[in-house]
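*Asks:* Mind folding the following:
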Amino acid sequence: MLLFSLSLFLFCYRDVRETCVKYGFLYANSKSSEPLARRADSVALFRVLGCTCVSFSFASFFFSFFLFFYTCVLSLSLSLFLVRSNKTSRSLSTFKSAWASEKLPTPRVGMEPHVLEKNKEHKEEITWKTYDVAEYDRLSASYEDPKTMKWKLIPKPGGQAIKSEDYYTLAACIKQVEEGDAPKDQPLWTDNGSVDYAGRALFQEWNKLKGKTKDEAKQAFVHAYGKALSEQRFSLNFRKY
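*Replies:* All right, here's what the predicted structure looks like:
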């Protein structure tokens, strides 16, 4: 197992550089007689594939190390899968087939950076009942009513429980209306010293509304209210009994 993991590590690290050479991502004035490390411009390759946060060499090293560690400690089944599928020497192919959520384009020098589907802006299609902003006062007073809004509780470590994301979106909109932008620091701990899961969830939703006026926050509230009660999200948010 250890020998297989080490081989996988070395195969992954070399394969990314070979891919750079294959598709023409080379350093200026590099010579074919030079080692791969001096010719392959891995940063440029990762840039066109939409990964600009780290260099390709570092990402390759990190990814390879992860596989090395994961295979040694946890992944006998994954190792068998990789052997059977004959992809142990193709780091990018393995990455795309096993870890990525979509097919990457063939890289070309000078192409526009690829944007992952999950990072593209999608216009939300409203398929639920909408409310007028004039109903804000009535709705904001009722979203916590235990008789009509039976929010589910999601268990957290330490015996805590928080409500669904939609609940904190509504609470955050009210905070934005009444107090303006969220404070700079996120809450970390409750008064008894445990992790403040509810406070963090509220802060994250509140911070998304930064810069919105009272009227815009009210509009966001009535939009989120209708969405929370929609057929698609009702079972995620509310108990039956």
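
*Asks:* Domain map for this protein?
*Replies:* Using automatic domain parsing, the domain ranges for the chain come out as 2-119, 133-237.

*Asks:* Least reliable of these by average pLDDT, please.
*Replies:* Note on the domains of the chain: lowest mean pLDDT is at domain 2-119, with a mean of 63.

*Asks:* leaving aside the residues next to it on the chain, what's closest to Val21?
*Replies:* Ala40 (5.8 Å; CB to CB, 6 or more residues apart in numbering). Any C-beta I mention is one placed from the backbone N, CA and C, and that applies to glycine too.

*Asks:* Show me the strands in the chain, by range?
*Replies:* In the chain, the strands defined using DSSP state E lie at 154-156, 160-162.

*Asks:* Contact partners for Ala220?
*Replies:* Ala220 makes contact with Cys173, Gln176, Leu209, Lys212, according to CB atoms under 8 Å, 6 or more residues apart in numbering.

*Asks:* With Asp41 instead?
*Replies:* By CB under 8 Å, 6+ apart, the contact set of Asp41 is Cys20, Phe25, Leu26, Tyr27.

*Asks:* hmm, 6 Å instead?
*Replies:* Phe25, Leu26, Tyr27 (CB atoms under 6 Å, 6 or more residues apart in numbering).

*Asks:* Just give me the neighbour total for the last one.
*Replies:* Translated: Tyr27. Tyr27 has 15 neighbours, counted by other CB atoms under 10 Å.

*Asks:* ditto for His223
*Replies:* 18.

*Asks:* Pop out the phi and psi values for the closest residue to it other than its chain neighbours.
*Replies:* Counting by CB to CB, 6+ apart, Thr130 is the residue found nearest to His223 once chain neighbours are left out, at 7.3 Å. When read as degrees, to the nearest 10, the backbone of Thr130 gives phi -100, psi 150.

*Asks:* my guess is Thr130 contacts Lys227, does it?
*Replies:* No. If you go by CB atoms under 6 Å, Thr130 and Lys227 don't touch, sitting 9.3 Å apart.

*Asks:* So between the two, which is more surrounded?
*Replies:* The neighbour comparison of Thr130 against Lys227 (other CB under 10 Å) goes to Lys227, with 20 against 10.

*Asks:* any idea how far the closest residue to the more buried one other than its chain neighbours is from Glu178?
*Replies:* What sits nearest to Lys227 in space, not counting adjacent residues and going by CB to CB, 6+ apart, is Trp128, at 5.8 Å. Counting by CB to CB, to the nearest Å, the gap from Trp128 to Glu178 is 25 Å.

*Asks:* Quickly list what Trp189 is bridged to.
*Replies:* As for beta bridges, Trp189 partners with Val195 under DSSP bridges.

*Asks:* returning to what we had before: pull the most distant pair out of the contacts of Ala220.
*Replies:* Pairwise distances across the contacts of Ala220 (CB to CB) peak at 8.7 Å, for the pair Cys173 and Lys212.

*Asks:* Show me which of those two is the more surrounded one.
*Replies:* Cys173 (28 against 17).
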